[in-house]
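what follows is a protein structure lacking sequence information:
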């Protein structure tokens, strides 16, 4: 499912692969200590894996949903059944729009196959899922090339959450840029914020950076301001789960605060995301649905309590960074700079843009 790429050592990480009629996903909940793959052979298994964070990252859950839709067609299932399973997949997580894009695309393909008189929809939908994967893989490569050019030689960068190979079909979005820039001599060191409460930065991003041989250091989220004030930081580079029509960007909780800090310290703040992450049906970031996850993920770490018994907690899993705080958005179509709705629309209008405009199931 993944092809080798010379653009980054991060390409050696394979978060999912299609094999023997099923999707095999690396259980990211066990990283960095154990590498185990789970066999996902039904749409409900794909939905559960997405909901439970076995696999995660906006582009990757979109790719997984595409394969989930193909699995729904196995055994000669009719269109009504496939649409039902599509709704199940769509409900797995609400914020990342890549999932909705993939399900919408697969449903359109299913309906087109039916209209063409196809009886067995499985082969056609599986081919479409492979295409969704391949397009994300190519988007990763292009974003890495565009983004790396924005950095000056020898840069020190900071990133938040995980937007690497583990979150995509390819080398990653934000980490793809960092990896490509490292090979070009434009990145000399990376700071990874730990990303409370789920610790994607410490468990996943640092593991990817170290695996790629990129000099890196882990910092707790509340160290970011101090590091910016006392150390050299040339750019902050993050991914996104949904970008509104006005270029406001939703990403893992803590991103907004990091953008505010970057602006205060005069540090460029770059968002890296494929066009499948753009949601032109939402005018402003305030209208992006924000997933509220279990409070247990805040008051516990690996099942062990870190708060008083009975403590209440909030867990909004994402926040929205206003476009005014974003220096540029890097897409596979080009760089949106400055990050405005007008410039975003201009980039998305380029040939082969696949940004989501609507979802109908």
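The structure has been received and is ready for your questions. The structure displayed is predicted, hence computed values, not measured ones.

hey, which strand is longest across this protein?
strand 187-193 (DSSP state E).

other residues contacting that one?
Applying CB atoms under 8 Å, 6 or more residues apart in numbering, the set of residues contacting strand 187-193 from outside is 151, 154-161, 178, 181-182, 201-202, 205-206, 209, 214-221, 223-224, 227, 233, 254, 258. Every C-beta, even on glycine, is put in place using the N, C-alpha and C of the backbone.

can you list which of the residues you listed are found in strands?
Using DSSP E to define strands, the subset of the contacts of strand 187-193 located there is 155, 156, 157, 158, 159, 216, 217, 218, 219.

biggest separation within these, which pair?
Across these, no pair lies farther apart than 155 and 218, at 18.5 Å, counting by CB to CB.

which one of the two has more residues nearby?
The residue with more neighbours, out of residue 155 and residue 218, is residue 155; 23 against 16, by other CB atoms under 10 Å.

confidence score at the residue nearest to the more buried one when sequence neighbours are not counted?
Leaving aside its chain neighbours, residue 155 sits nearest to residue 234 (3.9 Å; criterion: CB to CB, 6 or more residues apart in numbering). pLDDT for residue 234: 98.

follow-up on the earlier one: just want the angle from the longest strand of the chain to strand 155-159.
Counting by axes from the mean of the first three to the mean of the last three CA atoms, to 10 degrees, strand 187-193 lies at 20 degrees to strand 155-159.

adjust the sequence numbering to begin at 279 for everything that follows.
Yep, numbering from 279; the last one is strand 465-471 now.

from the chain's centre, how far out does strand 465-471 sit?
19 Å (CA atoms, centre = their mean, to the nearest Å).

ok, now stretch 574-589?
Distance of stretch 574-589 from the chain centroid (CA atoms, centre = their mean) equals 27 Å.

if we go by neighbour counts, what in that stretch is buried?
575, 576, 577 (16 or more other CB atoms under 10 Å).

tabulate the residues you listed (a markdown table), appending distance to residue 340, secondary structure and pLDDT.
Shown next, in a markdown table, are these (distance: CB to CB, whole Å; DSSP: H, G, I helix; E, B strand; the rest coil; pLDDT from 0 to 100):
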| residue | distance to residue 340 | secondary structure | pLDDT |
| --- | --- | --- | --- |
| 575 | 23 | helix | 93 |
| 576 | 27 | helix | 95 |
| 577 | 31 | helix | 95 |
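
understood, closing this out.
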